[in-house]
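Enquirer: Quick one, what's the 3D model for this:
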Amino acid sequence: MSARAAGREEEPAGGSFDDGSWEATEDAPHTVTSPESMPPERTAEAALRPRRLEEFVGQQVVRDQLSLVLDAAAARGRAPEHMLLSGPPGLGKTTLAMIIAAELSAPLRITSGPAIQHAGDLAAILSSLDEGEVLFIDEIHRLARPAEEMLYIAMEDFRVDVVVGKGVGATSIPLDLPPFTVVGATTRAGLLPAPLRDRFGFIGHLDFYGAEELREVVRRSAVRLEVELEDRAAIEIASRSRGTPRIANRLLRRVRDWAQVRGSGALDLGAAKEALRVYEVDDRGLDRLDRAVLSALCGRFAGGPVGLSTLAVAVGEETETVETMIEPYLVREGFLLRTPRGRAAAPAAWEHLGLEPPAGAEGTPPMLGRF
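Expert: Numbering: from 1, shown residues only. All right, here's what the predicted structure looks like:
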């Protein structure tokens, strides 16, 4: 793989950036509430990204910490320490990497862990970096082991050993690198090896957004899309966005589409509700797949517990799809329980579906079980 294939250089103030889970595949189910970014929508996403730290909504703790790190580095006239950003997809890790480069007035090189399969791929990227450049590695926990070991030395000593030749005639040539900053992003921080994690001077974790923060995200995006958004519509979209800015922006674009094609063009509360009804996103942010899982769990299996593979077959999806795309939000919102015996419906699931839990159902409080 060439350096061009493994990494590409972009200006920090623009361009289309792949802000999403590199683990998402083209054939994976993709709904309007999926936190992953798919290729067709990345250009639209790029137009809505904030360009500076003061424009970034939410993540107040991480923003304050980043501001301090960047200001201190600027005062010293040196490249800042390497930075690691972790958190679920769709919360703005790539956007923050883009902002870091913009704040440093430095170019941004973008690549991903899966794109770097060999140490030579990484060596080609590192050897072409300029002084002060920012290297962004998305899904950094998926780096190949040889590339990972090379990155250790590059981050700590700003040096890379290039192997020339093969077999007994192979020679290692040390190559000094100019100071640069690695910004890593991961959706699974627990898979990051400790030696690599220890080489990051700053580690920031991005949390899910609150309703007010998402409301502000939607309002700012509406300004960039040059559409007038009623405040009640912004609240409605934010409340169904599952705490994720990417989903909020996607829902905003779908409401805009509905208003232009089937409505009066105004993005008011009525347009928001009708558009989200068409796309099957209910008032708790659950989509068709989410409700299918809950309906199967409550209707076919009396609330469980039931095995994951059995539940996946019941809704016609792959086990991995249910576990990685559907379960996390249902568990976080208290609809689904993971028990030693399998998945079980929580009381909130029965209530949301308008059903009455049977006596003794898993996860049902004793007083509910007697009804």
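
Enquirer: What mean pLDDT does stretch 111-122 get?
Expert: Per-residue pLDDT values over stretch 111-122 give a mean of 86.

Enquirer: again but with stretch 209-226, I slipped
Expert: Computed over stretch 209-226, the mean pLDDT rounds to 92.

Enquirer: Any chance you could list what contacts that stretch?
Expert: With contacts defined as C-beta atoms under 8 Å, 6 or more residues apart in numbering, stretch 209-226 is touched by 47-48, 50, 55, 57-58, 91, 228-229, 231, 234-235, 237-239, 241, 243-245, 248-249, 252-253, 256, 267. C-betas here are computed from N, CA, C, even on glycine.

Enquirer: Recalculate using a threshold of 6 Å.
Expert: Taking contacts as C-beta atoms under 6 Å, 6 or more residues apart in numbering, the residues outside stretch 209-226 that touch it are 48, 57-58, 229, 234-235, 237-239, 241, 243, 245, 248-249, 252.

Enquirer: out of those residues, which is most surrounded?
Expert: Neighbours here mean other C-beta atoms under 10 Å. Within the contacts of stretch 209-226, the largest count is held by Ile237, at 32 neighbours.

Enquirer: quick one, strands of this structure?
Expert: Applying DSSP state E to the chain gives strands spanning 7-10, 83-86, 108-112, 134-138, 159-164, 171-176, 181-186, 202-205, 336-339, 342-345.

Enquirer: What's opposite Ala344 in the beta bridge?
Expert: Counting by DSSP bridges, Ala344 forms beta bridges with Leu337.

Enquirer: what pLDDT does it get?
Expert: The per-residue pLDDT reported for Ala344 equals 93.

Enquirer: May I ask you to confirm that it is in contact with Gly307?
Expert: No: using C-beta atoms under 6 Å, Ala344 is not in contact with Gly307, being 11.2 Å away.

Enquirer: before we move on, back to that, so which of the strands of the chain is nearest Ala302?
Expert: With distances scored as C-beta to C-beta, the stretch of those nearest to Ala302 is strand 342-345 (8.8 Å).

Enquirer: What segments of the stretch 201-350 of the chain are helices?
Expert: 211-224, 231-239, 245-261, 269-278, 288-295, 308-315, 319-321, 327-332, 347-353 (DSSP state H, counting those that start in this stretch).

Enquirer: So for the contacts of stretch 209-226, which is the shakiest by pLDDT?
Expert: The lowest pLDDT within the contacts of stretch 209-226 belongs to Leu48, which sits at 83.
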